[in-house]
Structure formats: C-alpha cells, structure tokens
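Student: turn this into a model:
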Amino acid sequence: MAANVLDLAGIGLRQRVLRDVSSIDTRTRLFDEDLAMPLVLSPVGLGGMAARRGDVLAGRAAHGAGVQLCASTLALCSVAELRAGLARPFWFQLYLLRDRDFGDRMVDEAEAAGCQVLVLTVDLPTPGPRARDFHSGLNGQASVLRSLKLAMQAAVKPRWAFDVGLRGGRLMPGNVVPLMPKGASFDSYMSWIAANNDPAAVWEDVARLRARWRGKLLVKGILDADDAKQAAALGVDGLIVSNHGGRQLDGAMSTARALPLIADALGGVVPLLVDGGVRSGADMVRMLALGASAVMIGRPWVHGLAVGGEAGVAGMLGVLAKELRTAMALTGCTSIDAIGRDVLIPAARDVLIL
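Tutor: I've put the predicted structure just below:
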C-alpha cells in the first residue's frame with residue numbers, strides 16, 4: 001500500500017515553458033463514453049457506509065462531474081437501488097465467486113440496469129492478511145468483546161451513528177441480501193463473503209464470462225505482463241492494473257512500476273486503466289504518461305464521502321480536475337492524448353521501466 005503511493009509520487013515530471021497552454025482539454029472518450037476527465041471511481045465494498053446510502057451519493061457526484069462510478073458487488077446499495085437513484089448507467093464490478101449462480105444473476109441485473117461495462121476482479125482467490133479488518137472488527141468473527149468495540153466506535157461518532165447507523169437502512173451489502181435468511185446478522189454476510197472466495201478460478205472462467213456478457217468486459221487485478229497477454233488473448237476490452245489497493249500480497253509490485261511493463265508488453269492492444277496511490281492531478285498525469293488510458297481512485301472518494309456526502313465527493317473531484325489541468329499546463333500538454341512518456345524525467349522513467 002505504501003509503495004503504491006511512494007513509487008508514484010517519486011516519478012519526476014518535466015516542467016516545460018512557453019508552450020501556449022491557454023486552453024487545456026481534459027476530456028477523453030473511453031469505451032464509447034465521453035468523460036470530462038479520464039477518471040473512474042473504483043469499486044469499494046462497503047464504501048457506501050461512509051454516508052447514508054453513500055454509493056448512490058458517490059454515483060451522483062461522479063456523474064455530475066462527468067466521470068464514472070464502478071459499483072462493487074459488495075456495495076452497500078444494490079444494483080436495483082443504484083439504478084433507481086442514478087440518472088445514468090454505471091459500471092459494475094463482479095468477483096469470481098464459488099456461487100456461480102449468484103454471479104450469473106448479478107450479470108443479468110447489471111445488464112438490466114443498463115450497465116455497459118462489466119469489471120471482473122480476479123486477484124482475490126483468497127483474502128490477504130488484512131490487519132485493519134481485525135482491528136476494525138470487520139473480520140466476521142463474532143464475540144462479546146468485538147460487539148462492545150463496535151458499539152464504542154459508533155458512540156464516539158454520534159453524527160454517523162444517527163444519520164447512517166439509525167437512518168441509513170440496513171448496513172449490509174445490498175446485492176447479497178436475497179441470499180440471506182431474514183434477520184441475518186452482519187457477521188453472516190461477512191462469513192458468506194469469506195466462504196465464497198474461489199481459489200479454483202481459472203482463465204476459462206474469464207472466457208465463459210466473455211461469451212456471456214455482451215457489453216465491454218474489463219479484467220481487474222493484473223500486475224504481470226504475461227497475465228495481461230493472456231487476458232487480452234481472451235478478447236476482453238480492457239485491463240485494470242491493480243494490486244487491490246495494496247491489500248492482497250504485501251511486497252507485490254506497485255501499480256506505478258507494473259503499468260509501463262504491461263503497456264510495453266501489450267503495445268496498445270487494449271486500453272489500460274490503473275488504480276493504486278493516485279492522490280492528485282499530478283498523479284493522474286504520471287499514470288497517463290506511463291501508459292494508462294484512464295485512472296481509478298478508491299480511498300479518495302470514500303474519504304470525500306465521509307467528510308461531506310455527495311458534496312464531499314464532488315468537491316474532491318473538483319480539486320482533482322483543477323490539479324489535472326494545472327499539471328497538464330506545467331508539463332506543456334493541452335490534451336489528454338498529448339500526455340506521453342516524454343513528460344517524465346528520464347531518470348525516473350527509466351528506473352520504473354527497467
């Protein structure tokens with residue numbers, strides 16, 4: 001997780017002058033959709049708990065800013081709730097789970113909701129050792145001490161406890177609710193999620209989904225160039241270079257280091273998206289220069305949601321848009337297509353690529 005941020009921040013940008021940057025165009029076209037800037041909100045399971053029905057609020061803010069939301073299978077708000085709460089179609093993220101019938105149902109619901117892009121996450125055959133989940137009590141292991149700890153956490157956040165905890169409806173992953181018995185506890189949901197990670201998933205499962213899904217299919221969780229080639233050979237429409245926010249294999253390559261290797265190996269066969277460590281508009285320029293067609297952010301939108309709900313996410317996106325325009329102007333790039341490896345300081349560029 002730290003390497004994602006540090007490696008990306010350590011990439012030097014060439015500052016250029018006298019380039020006529022009076023007009024900066026951050027617009028791009030991605031998978032037949034026009035975006036105000038090359039940005040997508042990453043799928044974050046339970047991220048909607050940061051505000052009342054937060055996934056819908058984040059989606060509204062994203063669409064208001066002219067970018068996209070990729071909703072998680074484990075979002076607080078179900079596909080049906082998002083469809084009812086948003087004026088535009090959104091992207092949908094799917095896990096390769098043991099329960100294939102559930103996966104097929106989610107694909108059908110996403111299609112019915114008008115989703116044009118399906119994101120298949122493939123880097124979770126088993127959860128990584130997430131110490132923070134134990135610390136926060138979100139590990140699905142019930143105990144009296146854990147219940148008291150969660151109650152104390154809610155008590156010291158009275159605004160959240162009232163607005164989200166009491167007024168926010170069921171704080172459960174909405175898409176999983178139909179699978180659970182009435183009155184099931186949060187621990188039951190977490191146990192179901194843990195039990196449904198599929199260590200037996202293989203490339204044939206991607207091929208099966210490719211044959212079934214008629215829209216754009218992206219594979220998320222690619223860090224290795226050979227895996228990228230294999231995914232592209234299956235006819236997917238794009239890849240997302242991601243290490244799950246640094247929460248899976250500690251010591252895995254940062255996305256800033258993996259991205260240029262994968263971009264060079266594929267040679268533009270499919271568009272590449274990337275997440276991990278993006279915290280500013282300058283970081284967006286860095287990722288675009290390394291070979292991404294667009295970037296994705298997770299923690300920043302959840303933090304914005306926690307601070308100010310829909311307005312908080314909108315404000316965060318406004319800051320990123322301003323920073324992106326500034327970074328483009330100071331590197332002499334007036335359009336997204338003009339951002340290439342030549343905007344990187346050679347020493348930093350070569351270290352990452354080699």
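Student: C-alpha from now on. contacts and neighbour counts both.
Tutor: OK.
Student: confirm Val269 sits in a helix?
Tutor: No: under DSSP: H, G, I helix; E, B strand; the rest coil, Val269 sits outside any helix and is assigned coil.
Student: tell me the spacing between Asp101 and Pro173.
Tutor: 17 Å (Cα to Cα, to the nearest Å).
Student: who has more neighbours out of these two?
Tutor: Of the pair Asp101 and Pro173, Pro173 is the one with more neighbours under other Cα atoms under 10 Å, namely 22 against 10.
Student: now the nearest residue to the more buried one once chain neighbours are set aside: phi and psi?
Tutor: Once flanking residues are discounted, Pro173 sits nearest to Leu76: 4.3 Å by Cα to Cα, 6 or more residues apart in numbering. Main-chain dihedrals, Leu76, degrees, to the nearest 10: phi -60, psi -40.
Student: give me the buried positions along the biggest helix by length in the chain.
Tutor: The single longest helix within the chain, with elements called by DSSP state H, is helix 299-330. Counting neighbours by 16 or more other Cα atoms under 10 Å, one finds that the buried residues in helix 299-330 are 299-306, 309-317, 320-321, 323-330.
Student: so for it, mean pLDDT?
Tutor: Helix 299-330 comes out with an average pLDDT of 98.
Student: if you count contacts, what does it end up packed against?
Tutor: helix 54-64, helix 281-289 (3 or more Cα pairs under 8 Å, 6 or more residues apart in numbering; DSSP states H and E).
Student: repeat that for 10 Å
Tutor: Counting contacts by 3 or more Cα pairs under 10 Å, 6 or more residues apart in numbering; DSSP states H and E, helix 299-330 packs against strand 39-41, helix 54-64, helix 281-289.
Student: and it, how far out from the chain's middle?
Tutor: How far helix 299-330 lies from its chain's middle: 15 Å, per Cα atoms, centre = their mean, to the nearest Å.
Student: then stretch 162-182?
Tutor: 22 Å.
Student: before we move on, what about stretch 68-81?
Tutor: That offset, for stretch 68-81, works out to 12 Å (Cα atoms, centre = their mean).
Student: alpha carbons of that stretch, as CSV, please.
Tutor: Written as CSV, here are the backbone C-alpha positions of stretch 68-81 (Å, rounded to 0.1, in the frame of the first residue of the first chain):
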residue,chain,number,x,y,z
GLN,A,68,-17.9,7.3,-13.9
LEU,A,69,-18.6,5.1,-10.9
CYS,A,70,-17.8,1.4,-10.9
ALA,A,71,-20.1,-0.2,-8.3
SER,A,72,-18.9,-3.1,-6.3
THR,A,73,-20.6,-6.5,-5.9
LEU,A,74,-20.3,-5.8,-2.2
ALA,A,75,-21.6,-2.3,-2.3
LEU,A,76,-24.0,-1.2,0.4
CYS,A,77,-26.5,-0.2,-2.3
SER,A,78,-27.8,-3.0,-4.6
VAL,A,79,-27.8,-2.7,-8.4
ALA,A,80,-31.5,-2.0,-8.2
GLU,A,81,-31.1,0.8,-5.7
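Student: CA-only coordinates of the lengthiest strand in the chain in CSV, if you can.
Tutor: Looking across the chain with DSSP state E, the single longest strand is strand 216-222. Only the C-alpha atoms of strand 216-222 are listed here, as CSV (Å, rounded to 0.1, in the frame of the first residue of the first chain):
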residue,chain,number,x,y,z
LYS,A,216,-17.5,-4.2,-22.5
LEU,A,217,-15.6,-6.5,-20.3
LEU,A,218,-12.5,-5.4,-18.2
VAL,A,219,-10.3,-7.6,-16.1
LYS,A,220,-9.1,-6.0,-12.8
GLY,A,221,-6.2,-7.1,-10.8
ILE,A,222,-3.5,-7.5,-13.4
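Student: cool, thanks, signing off.
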